[in-house]
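Colleague: below is the sequence, then the predicted model.
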Amino acid sequence: MSGTSEYRTWAAMLQRCGNSKSPAWMDYGGRGIKVCERWIFFTNFYKDIGPKPEGMSLERKNNDLGYSPENCCWATISEQNKNRRPPTRELLEDEEEFF
């Protein structure tokens, strides 16, 4: 199943949470978002989450918690847009400006 959409979703989840060189690391693993032990194995991930419906992607119901069967489901982009954490503001070094 390594060529499937579900497998790519699973692999991307592991990268975001477990690879400090991933471009998404700071928003996931860098802020403590982890993948549950059970989902380290693709077969368990697939058993728990099931086939990916057309037009959906993996969502964490609570964005402050990690990836687990209890906290994840397939969702549409519009559903996910309603469940976003607010953007962070970074203080520029030695400046009072935010962006």
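Modeller: Looks like it came in fine.
Colleague: can you give me the helices in the protein?
Modeller: 5-18, 42-49, 77-81 (DSSP state H).
Colleague: for the chain, which spans come out with low pLDDT?
Modeller: 83-99 (pLDDT under 70).
Colleague: closest to the centroid, which residue in the chain?
Modeller: Centroid-nearest residue in the chain, with CA atoms, centre = their mean: M13, separated by 5.3 Å.
Colleague: list the beta-bridge partners for the nearest residue to that residue once chain neighbours are set aside.
Modeller: Distance criterion CB to CB, 6 or more residues apart in numbering; nearest residue to M13, sequence neighbours excluded, is Y67 at 5.6 Å. In short, each C-beta sits where N, CA and C put it, glycine included. Beta bridges link Y67 to V35, judged by DSSP bridges.
Colleague: state the distance from the closest residue to I77 other than its chain neighbours to K21.
Modeller: Using CB to CB, 6+ apart and skipping residues adjacent in sequence, the residue nearest I77 is S57, 7.1 Å away. Going from S57 to K21 by CB to CB, to the nearest Å gives 23 Å.
Colleague: more neighbours: which of those two?
Modeller: Counted by other CB atoms under 10 Å, S57 and K21 do not tie: S57 has more neighbours, with 15 against 6.
Colleague: returning to what we had before: would you turn the helices of the chain into CSV with distance to N62?
Modeller: Formatted as CSV, the helices of the chain follow (distance: least, CB to CB, whole Å):
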stretch, distance to N62
helix 5-18, 15
helix 42-49, 16
helix 77-81, 13
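Colleague: tell me which of these lies nearest to G32.
Modeller: For G32, the closest of the helices of the chain is helix 5-18, at 9.4 Å, according to CB to CB.
Colleague: give me the helices and strands touching the closest one, please.
Modeller: Secondary-structure packing of helix 5-18 (3 or more CB pairs under 8 Å, 6 or more residues apart in numbering; DSSP states H and E): helix 42-49, strand 56-60.
Colleague: for A75, which non-adjacent residue is closest in space?
Modeller: Nearest to A75 is E59, by CB to CB, 6+ apart, at 3.8 Å.
Colleague: tell me the contacts of that neighbour?
Modeller: By CB atoms under 8 Å, 6 or more residues apart in numbering, the contact list for E59 reads 72-75, 79-80, 83.
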